[in-house]
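A.B. asks: fold the following and give me the result.
(chains A and B)
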Amino acid sequence: MPAFGSFALLLALALCAYNLCAGAVALRQLSTESGGRISPERLLETARRAGIASFFIVSGAAFALVWAAFANDFSVAYILHHSNRALPGAYKFAALWSGQEGSLLLWAWLLAAYEFVLRVRHKVDVRLTAYASMILSGIQVFFLLLLNFAAPPFALVAGAIPQDGFGLNPLLQYPEMVIHPPMLYLGYVGFSVPFAFALGALMMRYPGEKWIHITRRWTMVTWLFLTCGIFLGMHWAYAVLGWGGYWGWDPVENASLMPWLTGTAFLHSVMMQEKRGMMKHWNIWLIFSTFMLSILGTLLTRSGLVSSVHAFAQSSIGTWFWAFLVLVFAVCLFTYILQRDHLKSEHKLESLVSRESSFLFNNLVLLTACFTILWGTLFPVLSEFVQGNKVTVGAPFYNRVAIPIGLFLLFLTGIGPLLAWRSSSFRSIRKNFIVPMAAAGLTALVLVILGERPWQDQGAFYALVTWVLAAFVATAVGSEFLRGAGVIRRHTGQNLLASMVQLTRRNTRRYGGYLVHFGVVVIFIGFAGSAFNQSKEQEMNFRQSMTIGPYRLECLDYSQDSNLNYDSEYALLDVYRGSRKVMQLAPEKRFYAASQQTSTIVANHSTLAWDLYVVYAGRDPDSQHPIIKVFLNPLVAWIWIGVGIVAFGTCVALMPNMAAEFALNRSRVPAALSGLAQSAISSRGGD
Amino acid sequence: MSTIASALMLIGAFAYVFYPAHLVETQKVKSWLEFLRERREVLYDNLRDLNFEYRAGKYPEEDYVAQRATLENEAATVVAEIHDLEDAKSP
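C.D. replies: The predicted structure is shown next:
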């Protein structure tokens, strides 16, 4: 199998290189209308088939690696270092992406899968798809070069083959880790597709914005994968790392957030290009940056450039990535300089109070956040380069900057839909803002009456602002649904709920987008809860208890256990609320013999109001009693619910629109317009 | 076993890539007229959105009238250009 896998990777490299070269020659011939011995169309077809074949061959290589893991083939160095005989099957499968070589193979396989879909659906626009396919092959050639020459996943062990492997990193032995990395990678890799289409459209001076229409679903699906990947990572960090939080501004977390921020900016600003032919330069650079940040994210995760709890595989492939990044930037810059006159805007920004300007502000804020995070992430590297010593930027820096930026973004999420395209009059603003503003004011009043004291500390202040803005945005989103449903109801006589469903089905992109905004509101409500986190740590003997918030924890037992994969220590805790026993929790600490590493298994009781999060922190060396650390984290469940709403909203936005019953017929000139068109035609005829 | 599988994979890939295609997809370069037709559809969509938002009570009457006039003028220019090009194409 290792020989088969290595050969598959070599053959895939040859096929992708053929796709790149034959595609480039054929497209050159087509653009200059010159011909060779083989017609450019036939040459393009062979290139397309080479691309399709490469998917099956890279799949073969990935299959060979998974096979080696399940067959306990420890002659393969990668399997020796990331698996062992006692490892459960799901984690043997996850071994594919638990190390550097495997995760690069996953990158290549996912990219091949995206390319496969694109090449099969090439009839949507043959020429543009051929450009995109050629660019994607260029990216794939880079990853296959890495896999063949810098980080080969099928490298063999030198000398005697050990009887058992070193096992999988215990931190990765958690169910979510079976889906979190593929999700994140689907996001990272997926941005290659809109990037390739954008660069291809620019190279061929593609007239119009149809390329945006073609890539819209790709971009949204990719964004959804990245969003789910990031939040699954947060949930994993919360459930496994045992520090009571879900986001620590770790460089690898930041690496996933940066392309998400620019990708989100692109999803918004591209609407201006579609609707009004504006911001073309901006959008092109946004998608270029998003792709380059995805590569940077992979570089940070895999090269060991910055130290991180997540950077599982550290090596010297950084140089390859830097060279690739420079090459990508050079190609993008060269193409942009050559074709920038093609990106002329059809309209200018007419007013600062308009939906266009709200998109622009949203973009500026997202990019400011991205730049801040990039600066903080790379600061240790830059400081070492300039001063000779590494200065690390911690969570307080990010929180100081990111919280106000996040709140401003939340505010913009609310005002954007309330403003009109082109410009909004004062009357229009007053009409649309009055209800959301009243809801925000009322929320502030109720919270202060209920005991929120924003003047007491900064955390409470930010929490209050978040909840007030959440009320504003939720009301704005709700009023959009109610207004639209009102129109449907007047025309169809349906009830309000049915009208809302029909409204959403008529314009899935817009109302799916509003659902996403509502999900973001729910997530922010959850984030604000962290201002009121509490924690306690105590050594607990039998029948000893500790109290946190409304809960009392009593130690029932503590013991040890072991199986083939790990040994464990745990405590059994009865949890009471008042005099009523609510549940029993069993926080645990595991020791994995194969890898000689420990991991924490958190016991968490989650409700809508708060999480009771219990960690087995070890044993006191003198008394041998367990040390229990307890956190009471308010509103955390709202974050995971919000992500669910975001995912649902994105799925709605991905669905095709239902035909509107009373919309104007798309195939003819609107009645009101026909007269004007005729007069325009006659006036032009008279010129 | 690996050698046989590798050889089969190589032969299969070579045959698939270079097997003569009976039908090759071709596409003419997108014309200005096609671009204008796409633009017209976008403008109609914008008009439909504006009408719907007005009916939903989102804009005051004077804002709606001004916005609609601007969009209609823009659409009329595009429609006129489409007519010109279609007339020039027809024999």
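A.B. asks: looking at it, residue A:87 is touching residue A:563, isn't it?
C.D. replies: No. With contact taken as Cβ atoms under 8 Å, residue A:87 and residue A:563 are classed as non-touching, separated by 11.9 Å. C-beta coordinates here come from the backbone N, C-alpha and C atoms, glycine included.
A.B. asks: tell me which of these two has more neighbours.
C.D. replies: Neighbours per residue, other Cβ atoms under 10 Å in any protein chain shown: of residue A:87 and residue A:563, the larger number sits with residue A:87, 25 against 9.
A.B. asks: pLDDT at the nearest residue to that one once chain neighbours are set aside, what is it?
C.D. replies: Taking Cβ to Cβ, 6 or more residues apart in numbering or on different chains as the measure, residue A:87 lies nearest to residue A:168, with 5.8 Å between them; neighbours along the chain are not counted. In this prediction, residue A:168 carries a pLDDT score of 81.
A.B. asks: kindly report the same for residue A:161.
C.D. replies: Reported pLDDT at residue A:161 in the predicted model: 82.
A.B. asks: cool, residue A:310 as well?
C.D. replies: Per-residue confidence for residue A:310 comes out at a pLDDT of 58.
A.B. asks: where is the longest helix in chain B?
C.D. replies: With DSSP state H applied, the helix covering the greatest number of residues in chain B is identified as helix B:61-89.
A.B. asks: and that helix, what does it pack against?
C.D. replies: Helices and strands touching helix B:61-89, as assessed by 3 or more Cβ pairs under 8 Å, 6 or more residues apart in numbering or on different chains; DSSP states H and E, comprise helix A:426-449, helix A:671-686, helix B:32-55.
A.B. asks: what would these look like in CSV with distance to residue A:12?
C.D. replies: Shown next, in CSV, are the helices and strands packed on helix B:61-89 (distance: least, Cβ to Cβ, whole Å):
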stretch, distance to residue A:12
helix A:426-449, 54
helix A:671-686, 53
helix B:32-55, 37
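A.B. asks: what's the most buried one of those?
C.D. replies: Burial of these is given as mean neighbour count (mean count of other Cβ atoms under 10 Å in any protein chain shown); helix B:32-55 ranks first at a mean of 18.
A.B. asks: check whether it contacts chain A.
C.D. replies: Yes. Applying Cβ under 8 Å from any Cβ of the partner chain, one finds that helix B:32-55 is in contact with chain A at B:32, B:34-35, B:38-39, B:41-42, B:44-48, B:50-53, B:55.
A.B. asks: so residue A:9 touches residue A:60, yeah?
C.D. replies: No. Under the criterion of Cβ under 8 Å, residue A:9 makes no contact with residue A:60, lying 9.2 Å away.
A.B. asks: these two - which one has more neighbours?
C.D. replies: Residue environment comparison for residue A:9 versus residue A:60 gives the larger neighbour count to residue A:9, 28 against 20, counting by other Cβ under 10 Å.
A.B. asks: list the residues that contact the more buried one.
C.D. replies: Shown in contact with residue A:9 (Cβ atoms under 8 Å, 6 or more residues apart in numbering or on different chains): A:58, A:61, A:105, A:144, A:147, A:148, A:152, A:153, A:154.
A.B. asks: now residue A:45: how far from residue A:465?
C.D. replies: Here residue A:45 is placed at a distance of 58 Å from residue A:465 (Cβ to Cβ, to the nearest Å).
A.B. asks: no, scratch that, I was asking about residue A:482
C.D. replies: To residue A:465, residue A:482 is 26 Å away according to Cβ to Cβ.
A.B. asks: which element is the nearest residue to residue A:173 once chain neighbours are set aside on?
C.D. replies: Sequence neighbours aside, residue A:91 is the residue nearest to residue A:173 in space, at 5.5 Å (criterion: Cβ to Cβ, 6+ apart). In this structure, residue A:91 sits in helix A:89-94 according to DSSP states H and E.
A.B. asks: any idea of the mean pLDDT for the longest helix of chain B?
C.D. replies: Across helix B:61-89, the per-residue pLDDT values average to 88.
A.B. asks: how about the residue sitting nearest the centre point of chain B: what's its closest non-neighbour residue?
C.D. replies: Per Cα atoms, centre = their mean, the C-alpha nearest to the average position across chain B is that of residue B:38, at 5.0 Å. In this structure, residue B:38 finds its nearest non-sequential neighbour in residue A:208, 4.9 Å apart by Cβ to Cβ, 6+ apart.
A.B. asks: please consider this matter closed, and thank you.
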